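Engineer: Below are the sequence and a predicted model for it; my questions follow.
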Amino acid sequence: MGLSGALARLAVRATRVLVVEVPGHWATRMEVEHQLLRRGWRPAWTPADADVLAVCGVPGPELSELVDRLWEQMPGPRVRADITSPGTVGSALDAAAALLLDTPHHRTDAQERAQEPEIPEDADHGGHGGMGHGGMDHGEMDHGEMDHGGHGGMDHSGHGGMDHGGMDHGEMDHGGHGGMDHSGHGGMDMAPGGIALAGGGEDRDGLEMDVLHLPLGPVLPFWPAGLVLRCSLQGDVVVDAEASVVDGAGAGGPGPGPAPAAVVWCDQVMALLALAGVEDAAACARRARDALLHGDRGAARAAAERLHRTIRRSRLLRWSLRGVLPLDPSALEHHGLPRHCLGDAHDRLLSRVERIRAEAGGAVPVPVEDGAVPWAVLPELVTGLELASVRLAVASLGLDPHPAVQEVGHG
């Protein structure tokens, strides 16, 4: 018994946590990430990898259903932590750690849970209860301090061969991913087990090609909270897209209000760098974000300076992001985009890091952002991109984390 208890306590030190952010509850999610790092716990990227499901905020009905599906897909021993505010994060994680050691609780959970998760007839099979990119396996990533880097060994060559951690776009098998609504997907055929099959559609030459419908979000690492982007694919190219916000962004209760601008910039930069697989730079952005959030100007300034140096010197990062969603002045005017979107993903990253550096240094006042990116233009912007570039493109735009609409566009 003593040996079993010791092994269990050792296992708890390596707990993996799947974090779900209710739109608007950025502060709770950031505090969870901060506490995970302090405890030596690691983020989980799929339900299969998770020991704890941490729900940040009170989800509305749509997101609640998706969270329940994620919970059903988690293997035991498992614990769910519903965290309603940043101040309760520490106690919630302490309780989760204690419950992980409660053997009778897990025996009861194993006896009561369904042997096979139920797949509703109207489920959209795009990704592990809304995870999108369902084949993305982050389980073997070496995240170091940041626990975000690598992303499964993404291959960025030409952005077309990006692996996304095991995601196989050759056969485009995205099966078994319950979680979203199939509205607008026409006559998509379903194979046994609820796996979506490709339908037919004309390509640009008038020839018929298979069309696969794949939703991204609303629960994805480094993805805007609540965003659902339904992509129609011919081969690996997005030929059409629709965007919406789960629960109309905030139906589950109000968040703490807008985050400080510099904190949001750091968070967005961290997401882009993590997706690009630049581990050290992502860790710098995370440290700058947490320091700004907790009022430690000295630590924020040091992290921002290191972040700036790392990005300016990284040839890998430049090679990875150059050519991802280039936008010239006419494109900005056409789509109604702010000036900070000018250039490609690497240009936008540099611009944002310069702002972070200036804000953290406090030497000169940082001008207010010249407008937010309208979520309604996302479908138009991603149409024509290879699927492997979509998440990098979205992360590079620096989307406002507080959308206030439900249906935001169709491209």
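Structural biologist: In hand now; what should we look at?

Engineer: Flag every buried residue along stretch 349-363.
Structural biologist: Using 16 or more other CB atoms under 10 Å as the burial criterion, the residues of stretch 349-363 that qualify are 349-353, 355-360. Heads up, the C-betas are built off the backbone N, CA and C, glycines and all.

Engineer: Pipe the residues you listed into CSV and attach distance to residue 326 and secondary structure per row.
Structural biologist: As requested, the buried residues of stretch 349-363 are exported to CSV (distance: CB to CB, whole Å; DSSP: H, G, I helix; E, B strand; the rest coil):
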residue, distance to residue 326, secondary structure
349, 13, helix
350, 14, helix
351, 14, helix
352, 16, helix
353, 19, helix
355, 20, helix
356, 23, helix
357, 24, helix
358, 25, helix
359, 26, helix
360, 28, helix
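
Engineer: quick one: the closest residue to residue 262 other than its chain neighbours from residue 264, how far?
Structural biologist: Of all residues not flanking residue 262 in the chain, residue 359 sits nearest, at 4.0 Å (CB to CB, 6 or more residues apart in numbering). Using CB to CB, to the nearest Å, residue 359 is found at 11 Å from residue 264.

Engineer: now do residue 375
Structural biologist: In this view, residue 375 and residue 264 are 15 Å apart by CB to CB.

Engineer: try residue 270
Structural biologist: 11 Å.

Engineer: These two: which is more packed in?
Structural biologist: Set residue 270 next to residue 264 and count neighbours by other CB atoms under 10 Å: residue 270 wins out with 25 against 21.

Engineer: if I've got this straight, residue 317 is in a helix?
Structural biologist: Yes - assignment of residue 317 by DSSP: H, G, I helix; E, B strand; the rest coil places it within a helix.

Engineer: Can you check what pLDDT the model gives the residue lying closest to it once chain neighbours are set aside?
Structural biologist: In this structure, residue 317 finds its nearest non-sequential neighbour in residue 278, 5.1 Å apart by CB to CB, 6+ apart. Reading off the confidence values, residue 278 has pLDDT 90.

Engineer: so residue 55 makes contact with residue 20?
Structural biologist: Yes - Residue 55 is within contact range of residue 20, at 4.9 Å (criterion: CB atoms under 8 Å).

Engineer: joint contacts of these two?
Structural biologist: residue 67 (CB atoms under 8 Å, 6 or more residues apart in numbering).

Engineer: Share the number of residues neighbouring residue 93, please.
Structural biologist: Neighbours of residue 93 under the rule other CB under 10 Å: 23.

Engineer: ugh, wrong one, residue 30
Structural biologist: With other CB under 10 Å as criterion, residue 30 counts 22.

Engineer: Just confirm it contacts residue 291, I think it does.
Structural biologist: No - if you go by CB under 8 Å, residue 30 and residue 291 don't touch, sitting 11.9 Å apart.

Engineer: mean confidence for the host helix or strand of residue 92?
Structural biologist: Using DSSP states H and E, residue 92 maps to helix 89-100. For helix 89-100, the mean pLDDT works out to 94.

Engineer: Could you pull up the mean pLDDT of the next helix or strand after it?
Structural biologist: Counting by DSSP H and E, the next helix or strand C-terminal to helix 89-100 is helix 103-112. Across helix 103-112, the average pLDDT comes to 86.

Engineer: Stretch 302-315 now?
Structural biologist: Regarding stretch 302-315, the rounded mean pLDDT is 93.

Engineer: Show residues contacting it.
Structural biologist: Residues outside stretch 302-315 that contact it (CB under 8 Å, 6+ apart): 269, 273, 278, 280-281, 284-285, 287-288, 291, 317, 349-350, 353-354, 356-357, 359-361.

Engineer: give me that answer again for 6 Å
Structural biologist: Residues outside stretch 302-315 that contact it (CB atoms under 6 Å, 6 or more residues apart in numbering): 280-281, 284-285, 287-288, 353, 356-357, 360.

Engineer: Show me which of the residues you listed is closest to residue 81.
Structural biologist: The nearest member of the contacts of stretch 302-315 to residue 81, counting by CB to CB, is residue 287 at 24.6 Å.

Engineer: separation between the closest residue in space to residue 223 that isn't next to it in sequence and residue 373?
Structural biologist: In space, and not counting its chain neighbours, residue 223 is closest to residue 217: 5.4 Å by CB to CB, 6+ apart. Going from residue 217 to residue 373 by CB to CB gives 16 Å.

Engineer: now residue 96
Structural biologist: Plainly put, residue 96 is 35 Å away from residue 373 if you go by CB to CB.

Engineer: Please apply the same query to residue 58.
Structural biologist: Distance of residue 58 to residue 373, given as CB to CB: 27 Å.

Engineer: the more surrounded of the two?
Structural biologist: With neighbours defined as other CB under 10 Å, residue 58 and residue 373 compare such that residue 373 has more, 20 against 17.

Engineer: isn't that one right up against residue 397?
Structural biologist: Yes - with contact defined as CB atoms under 6 Å, residue 373 reaches residue 397; the gap is 4.9 Å.

Engineer: per-residue confidence for residue 291?
Structural biologist: The model's pLDDT for residue 291 equals 93.

Engineer: Give me the three-state assignment for it.
Structural biologist: helix.

Engineer: do the same with residue 229
Structural biologist: strand.

Engineer: wait, what's in contact with it?
Structural biologist: 216-217, 243.

Engineer: Where neighbours are concerned, which of those residues has the most?
Structural biologist: The contacts of residue 229, ranked by neighbours (other CB under 10 Å): first place residue 217, 28 neighbours.

Engineer: Can you pull the phi and psi angles for it?
Structural biologist: Backbone torsions of residue 217, given as degrees, to the nearest 10, read phi 90, psi -180.

Engineer: you'd agree it is up against residue 225?
Structural biologist: No - using CB under 6 Å, residue 217 is not in contact with residue 225; the gap is 8.8 Å.

Engineer: list the contacts for residue 326?
Structural biologist: residue 344.

Engineer: any idea how far residue 41 is from the nearest residue to residue 35 once chain neighbours are set aside?
Structural biologist: Distance criterion CB to CB, 6+ apart; nearest residue to residue 35, sequence neighbours excluded, is residue 89 at 5.3 Å. Distance from residue 89 to residue 41, counting by CB to CB: 12 Å.

Engineer: which intervals of the stretch 151-300 of the chain have sub-threshold pLDDT?
Structural biologist: Applying pLDDT under 70 to the stretch 151-300 of the chain picks out residues 151-209, 248-258.
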